[in-house]
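> Coordinates for the following, if possible.
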Amino acid sequence: MKKTLILIFTIALGVNTFAQTSLGLKFGLNSNTYWAVGNKSLGEPAADVANSTYGNLIGYNAGLAFNTKMGDVGSFQLELLYSQKGNSAKSTKAFNRATYIDLKPLFNLGGGGDKWRVFAQIGPSINFWLSKADYDPVFGKFIPGSDKFLSATEDEDGTNNIRVDFGVVLGFGFKYKVGPGWILLNPRYELGLVPHTIVDLGGSDQGGYGIMNKGMSITTGYLFEF
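Numbering: from 1, shown residues only. Prediction:
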């Protein structure tokens, strides 16, 4: 992982030493839920049952963004964000709240004038899971012990929490020049590709499944140009 981070920052700094660069703050809202993929087994797969219960949960994100131009129509954007994710239960007011540090090395492609630019955006997201907790609406508080990260050997149903997961980001953005920098508006969709939780149901006829994040976000911010 350390080698991956070093490589990303080396690319960011070495793309073009004399390119137009900008650095600033971003913040916004997430609408996140979970999606499960499981083993095919006898009866109804457990992943299908899990997916039928997942609803969206609103959280926020905030952090730093660095952008450097790559030619006339492209740029490389590196973001480091604190991000709230999780999901809610469709049938109740229960929810799971998770917090992450997200590292997003993204590529922008677009164009515009001296005062404005529009772009499409794509790239990976490397997500470091910081905390979690389950909220119980019956008692109006978070469930004691639900903040514990479990391994398959610690939990009776084989739940295994994975602290680092990956996803892909697709979006677009609009920038407008104000003063020494740019105001940014950036809606996007993120789909998890690696589970943050694996549930192994062992010998049951429901098999097991992996749980991943997915959702929409919209961020704004201001990037100072150098």
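> what are the ranges of the helices in the protein?
2-14, 46-51 (DSSP state H).
> For the closest residue to I143 other than its chain neighbours, name its beta-bridge partners.
Spatially, and ignoring its direct neighbours in sequence, I143 is nearest to D134 (4.7 Å; C-beta to C-beta, 6 or more residues apart in numbering). Placement of C-beta: from N, CA and C, glycine included. Beta bridges link D134 to N96 when assigned by DSSP bridges.
> Give the burial count for the closest residue to I211 other than its chain neighbours, as a bare number.
In this structure, I211 finds its nearest non-sequential neighbour in T197, 4.3 Å apart by C-beta to C-beta, 6+ apart. If you count neighbours by other C-beta atoms under 10 Å, T197 ends up with 21.
> now do A50
Around A50 there are 18 residues (other C-beta under 10 Å).
> so who does it touch?
Neighbouring residues of A50 by C-beta atoms under 8 Å, 6 or more residues apart in numbering: Y34, A36, G38, Y209, I211.
> Now do it, the pLDDT please.
For A50, the model assigns a pLDDT of 90.
> hmm, back to that, output the contacts of A50 as JSON lines; include the columns distance to G179, pLDDT and neighbour count.
Below are the contacts of A50 laid out as JSON lines (distance: C-beta to C-beta, whole Å; pLDDT from 0 to 100; neighbours: other C-beta atoms under 10 Å):
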{"residue": "Y34", "distance to G179": "41", "pLDDT": "97", "neighbour count": "26"}
{"residue": "A36", "distance to G179": "46", "pLDDT": "93", "neighbour count": "22"}
{"residue": "G38", "distance to G179": "52", "pLDDT": "85", "neighbour count": "20"}
{"residue": "Y209", "distance to G179": "50", "pLDDT": "89", "neighbour count": "23"}
{"residue": "I211", "distance to G179": "44", "pLDDT": "95", "neighbour count": "25"}
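> do you know how far the closest residue to N161 other than its chain neighbours is from V49?
The shortest distance from N161 to any non-neighbouring residue, by C-beta to C-beta, 6+ apart, is to F149 (4.3 Å). When distance is defined by C-beta to C-beta, to the nearest Å, F149 is 24 Å away from V49.
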